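In: quick one, what's the 3D model for this:
(one chain, ligands or ions: 1)
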Amino acid sequence: MLLRHTPKEITERSALTINPAKTCQPIGAMYAALGIHGCLPHSHGSQGCCAYHRSALTRHYKEPVSAATSSFTEGASVFGGQANLMQAFSNIFAVYNPEIIAVHTTCLSETIGDDLPQIRKKAIAEGKIPEGKYVISASTPSYVGSHVTGFSNMVKAMTDLAEPTGKKNGKVNLIPGWVEPADMEELKRLAKLMGVGTIMFPDTSGVLNTPLTGEYKMFPDGGVTIAELKSTGDSIGTIALGDWCSGDAARELDKQHKVPCKVLDMPFGLKATDRFIDALRTIAGVNVPDEVMVERGQLVDLISDMHQYFYHKKVALAGDPDQLIAMTEFLVSIDMCPVHIVTGTPGKKFEKRIKEITAGMPFAVNVKAKGDFFLLHQWMKNEPVDLLISNTYGKYIARDEDVPFMRWGFPILDRQGHQYFPTVGYKGGLRLLEKILNLLLDRKDRDDTEMKFELVL
Ligand code: SF4
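Out: Next up is the predicted model:
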């Protein structure tokens, strides 16, 4: 029992986090930045931070992650990192020749008080940023928020590149939130089936799920281009998926360039996907084609075929707010009961939303923003569940409590497939249900008596 010291009795804690259900802001900023074609993310801080952020992403996506660092030493820590960053701009454009550098801060540079917009202006004035090249920046202090906040801040920074021409491009901006590269591909596929032209940003498909060809590319083929980002100001509307990850960027485009936005839940599960498809339909003024209706019908069919195995199964969940809200709604819609829900990201509105979604459930619900895996484990000791859904770190709890465990979210360090198989949309819903069902039925097969052991389920 690796977690044998976790007590059942719950003590109120305010200043101590044990086994956090989040990671640091720059990891989110770096992931978002990789979704721009030809972008080199830059970590304005010390080398250790950058090494950690890169390795966290590499371990999840199983792909090399390039990023530069301002390489702070004692001098920068005392006098500020402006000189380091100015030098970095010159070196990076000379050596790696990216289209754009996306700079994010770290705890150290934030504590010093480095002003990235001011440093960028100085770099432009001094000719450190070559003609036709770009620098964007986001403030990502890791002592507030989480990796989700960092992702959101960098996505919002991308809207600085919008340059409206006054002539509409007929496209819909699609801000997917922190989802897998495969999910981004799936969202684009659905939009294409609907006949809707989109600009997706960020877009890590073709960046962090690339084929092994034997040919090295410093900058993979995927990612939203600078030209597309400039054009976002001319789009007919924006669909932002997930308020925590994508809402700020969508509202910024609306505020700055009058591009109307809809902020929706991430399209995990039937209802949230319905809302996404409906938003595409209304914004672009198109009809929903039969192919999409067939996919929806298949998901409804699986739900109704296997409903008896989902019914009133209790679930514990840990992850990020946007994912958890959509997943909770999906589970409730198929009569499963998410009873313990934790996110490491702060925000009371998360707790409010979860309470609204679970209001009609027959069991009491524990929900906590800024919570941790330790608390989730304690809840599970007091009220056991049939299934745990979380990132890889939940495996310790699942093993100790002997609970079926579905890996979903970020990071997944010990399994494969998340980069390749989407869980958004109707087809993604089928995959989620397949994973859940396999776990529940494998457990049933393991635990059933010989009398009840069935061939056909
Ligand atoms: S110092 Fe801050 S930014 Fe750097 S790795 Fe630690 S939490 Fe993240």
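
In: after the helix or strand hosting Gln87, which helix or strand is next? Please name it.
Out: Secondary-structure element containing Gln87, defined by DSSP states H and E: helix 82-95. The C-terminal neighbour of helix 82-95 among helices and strands, as given by DSSP H and E, is strand 100-105.

In: what are the buried residues along that following strand?
Out: Ile100, Ile101, Ala102, Val103, His104, Thr105 (16 or more other C-beta atoms under 10 Å). C-betas here are computed from N, CA, C, even on glycine.

In: what of stretch 349-368?
Out: Phe350, Glu351, Arg353, Ile354, Ile357, Thr358, Met361, Val365, Asn366, Val367, Lys368.

In: inside strands: which ones of those?
Out: Per DSSP state E, strands hold the following members of those: Asn366, Val367, Lys368.

In: how about the residues you listed in CSV, adding distance to Gly247 and pLDDT?
Out: Listed next are these as CSV, based on distance: C-beta to C-beta, whole Å; pLDDT from 0 to 100:
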residue, distance to Gly247, pLDDT
Asn366, 26, 98
Val367, 20, 98
Lys368, 21, 97
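
In: check these against Gly28 and report the nearest one.
Out: Lys368 (20.5 Å; C-beta to C-beta).

In: and the residue lying closest to that closest one once chain neighbours are set aside, what does it touch?
Out: Using C-beta to C-beta, 6 or more residues apart in numbering and skipping residues adjacent in sequence, the residue nearest Lys368 is Val342, 5.3 Å away. With contact set as C-beta atoms under 8 Å, 6 or more residues apart in numbering, Val342 has these partners: Ala21, Leu317, Ala318, Val367, Lys368, Gly371, Asp372, Phe373, Leu375, Leu376.

In: how many other residues sit next to the residue nearest to Phe89 when sequence neighbours are not counted?
Out: Leaving out its chain neighbours, the residue that sits closest to Phe89 by C-beta to C-beta, 6+ apart is Lys128, at 4.4 Å. Neighbour count for Lys128, taken as other C-beta atoms under 10 Å: 21.

In: what's the distance between Lys128 and Phe93?
Out: Lys128 sits at a distance of 8 Å from Phe93 (criterion: C-beta to C-beta, to the nearest Å).

In: circling back to that earlier point, in a markdown table, list the buried residues of stretch 349-368 along with distance to Asp203.
Out: Converted to a markdown table, the buried residues of stretch 349-368 look like this (distance: C-beta to C-beta, whole Å):
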| residue | distance to Asp203 |
| --- | --- |
| Phe350 | 26 |
| Glu351 | 31 |
| Arg353 | 27 |
| Ile354 | 29 |
| Ile357 | 29 |
| Thr358 | 33 |
| Met361 | 36 |
| Val365 | 35 |
| Asn366 | 36 |
| Val367 | 32 |
| Lys368 | 32 |
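
In: could you find the closest non-adjacent residue to Gln378?
Out: Per C-beta to C-beta, 6+ apart, closest to Gln378 is Ile10, 5.0 Å.

In: picking that back up, who is the residue nearest to Lys368 paired with across the strands?
Out: With DSSP bridges applied, Val342 shows beta-bridge pairing to Ala318, Lys368.

In: what's the closest non-adjacent residue to whatever residue of the stretch 201-350 of the chain ends up closest to the ligand?
Out: Scanning the stretch 201-350 of the chain for proximity to the ligand using C-beta to the nearest ligand atom identifies Gly344 as nearest, at 12.7 Å. Spatially, and ignoring its direct neighbours in sequence, Gly344 is nearest to Lys22 (2.8 Å; C-beta to C-beta, 6+ apart).

In: state the distance from Thr423 to Gln256.
Out: In terms of C-beta to C-beta, Thr423 sits 32 Å off from Gln256.

In: more neighbours: which of those two?
Out: Thr423 (26 against 13).

In: host element of Thr17?
Out: Using DSSP H and E, no helix or strand contains Thr17.

In: quick one: mean pLDDT for whichever strand or helix holds Arg296?
Out: According to DSSP H and E, Arg296 maps onto helix 290-310. Helix 290-310 shows a mean pLDDT of 98.

In: stretch 207-217 now?
Out: Mean predicted lDDT for stretch 207-217 stands at 94.

In: would you mark the buried spots in it?
Out: Val207, Leu208, Asn209, Thr210.
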